[in-house]
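# I would like the atomic coordinates for the input below:
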Amino acid sequence: DLEAWIASRDPIRNISNLRKDLPILILQGTADLRVSLDEGYHMVNSLENQGNDVTYLEIQGGDHCLVNQPDRMKIIMNWLEN
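Numbering: from 1, shown residues only. Just a heads-up that it's a prediction; the model follows:
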């Protein structure tokens with residue numbers, strides 16, 4: 001069943017499966033055509049409401065995978081080191 005498979009992959013529905021002691025980094029590009037900024041905000045709010053430690057960084061002009069952002073790995077490494 002395609003609808004059930006899609007629902008099982010919905011990150012919002014799976015937040016309760018995430019450990020609360022692991023910090024989460026969400027990088028969202030403002031030019032992402034797959035995930036809207038509103039969907040990103042909804043994910044962050046849902047994670048915070050479930051007690052997860054979330055860092056949200058919005059990358060101006062970034063696409064979905066941030067491949068057009070040469071500093072994406074530097075951003076991730078800085079977050080990991082802190």
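# surely Met43 is in a helix?
Yes. According to DSSP: H, G, I helix; E, B strand; the rest coil, Met43 belongs to a helix.
# mind listing what Leu27 touches?
Each residue near Leu27 by C-beta atoms under 8 Å, 6 or more residues apart in numbering is listed here: Leu57, Ile59, Gly62, Leu66, Arg72, Ile75, Ile76. C-betas here are computed from N, CA, C, even on glycine.
# state the distance from Ala31 to Thr55.
Going from Ala31 to Thr55 by C-beta to C-beta, to the nearest Å gives 20 Å.
# just Trp5 next, same as before
Going from Trp5 to Thr55 by C-beta to C-beta gives 30 Å.
# between the two, which has more neighbouring residues?
More crowded of Trp5 and Thr55, by other C-beta atoms under 10 Å: Thr55, with 12 against 8.
# quick one, phi/psi of the more buried one?
When read as degrees, to the nearest 10, the backbone of Thr55 gives phi -110, psi 120.
# any idea which element the closest residue to it other than its chain neighbours lies in?
Taking C-beta to C-beta, 6 or more residues apart in numbering, and ignoring the residues beside it in sequence, Thr55 has Leu25 as its nearest neighbour in space, at 5.0 Å. Using DSSP states H and E, Leu25 sits in strand 24-29.
# ok, that strand: who's next to it in the sheet?
Strand pairing for strand 24-29, using DSSP bridges, gives strand 54-59 (parallel).
# quick one: buried residues of the strand it pairs with?
Neighbour-count burial for strand 54-59, counted by 16 or more other C-beta atoms under 10 Å, picks out Tyr56, Ile59.
# the helix or strand following it - what's its average pLDDT?
Sequence order places helix 72-81 as the next helix or strand after strand 54-59, per DSSP H and E. Mean per-residue pLDDT for helix 72-81: 96.
# strand 24-29 and helix 72-81, what's the angle between them?
Computed by axes from the mean of the first three to the mean of the last three C-alpha atoms, to 10 degrees, the angle separating helix 72-81 from strand 24-29 equals 160 degrees.
# for helix 72-81, packing partners?
Helices and strands touching helix 72-81, by 3 or more C-beta pairs under 8 Å, 6 or more residues apart in numbering; DSSP states H and E, are strand 24-29, strand 54-59.
# many thanks, I have nothing further to ask.
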